[in-house]
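[1] coordinates for the following, if possible.
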Amino acid sequence: TYDYHEEWRDFVPDSSSFYDTYYSNPAKMYESESFKVSSASIGVYDLDFDNLQLPGFSKLSINEDMLNLGEYEELVSGYVYIPYYYAEYSAPEVGDVRVSYSVLDNNSSGTVFAKTNADSLETYYDADTETSLYRFFDGGRDQALATMHGEFKMMLWIMRLVGFLMMWFGLQAVFRPISTLLDIVPFFGSLSKAAIGGITFLIALLLSVVTILVSMILHNIIALIVSVLIVCGIVAYILKKKGHKTTVVKA
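    Model (predicted):
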């Protein structure tokens, strides 16, 4: 079953692989473009806009006095609607275009993380981690640090999820020959696949949780010290219990 639906997209999907040749996407009339000022500064420092990573832009509020609309073009809900043929915005057709504008306001207040070089700011490189930083944030320094910390935590959990999925798929691949062998009887083959999938899911989840907990302990000095003390306490308790064992000899 093939399902075709229309939606606004920034790029034109390739329709040459569509099963039904009745549906086809025409070439895009206009490409997205970005424009930068020739010079910019923050405080007393000049900025290199070609390399500076900028924050999310805000949508520009436009009106018809700011535009030179064509005969069949119209301004609707902040978009310039350009029909491919003669359609209206209320009933768009494939190939129609709508244009919006997003900007970084002039005189914006923000924070730049970079390396100073005389009266300009340039990209900071960390040779140890082979990473670079040259980025503009809305708001003050604390807000910028909070933003980067939030992005780091999100990426960390994404990598943890990827690790769990790779472990799960790997375990399934190890036991896949069993399902292949049992496929001689379709019922047992399907049942074994479901069972293996469920069991390996639980194993991968358990191993992932243990790995995450160990990693969190090793990267937190307080948690590491507490864990070591707990382990030492348990070992000492076990040894003490063994030392107090008495042997009864019957005469």
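
[2] can you pull out the helices in this protein?
    141-182, 186-218, 221-243 (DSSP state H).

[3] who does the longest one touch, helix- and strand-wise?
    In terms of contact count using 3 or more CB pairs under 8 Å, 6 or more residues apart in numbering; DSSP states H and E, helix 141-182 is assigned the packing partners strand 110-113, strand 135-138, helix 186-218. Where C-beta positions appear, they are placed from N, C-alpha and C, glycine not excepted.

[4] the second one too?
    Using 3+ CB pairs under 8 Å, 6+ apart as the contact criterion, the secondary-structure elements in contact with helix 186-218 are helix 141-182, helix 221-243.

[5] in CSV, list the ones you listed along with distance to Glu130, mean pLDDT and mean neighbour count.
    Shown next, in CSV, are those (distance: least, CB to CB, whole Å; pLDDT from 0 to 100; neighbours: other CB atoms under 10 Å):
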stretch, distance to Glu130, mean pLDDT, mean neighbour count
helix 141-182, 16, 90, 13
helix 221-243, 26, 77, 10
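
[6] redo those helices as CSV? Include distance to Asp48.
    Converted to CSV, the helices and strands packed on helix 186-218 look like this (distance: least, CB to CB, whole Å):
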stretch, distance to Asp48
helix 141-182, 18
helix 221-243, 39
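
[7] from the helices and strands packed on helix 141-182, which stretch is densest packed?
    strand 135-138 (a mean of 19; mean count of other CB atoms under 10 Å).

[8] skipping its backbone neighbours, what lies nearest Phe175 in space?
    Of all residues beyond its chain neighbours, the one nearest Phe175 is Ile196 (4.8 Å), with distances taken as CB to CB, 6 or more residues apart in numbering.
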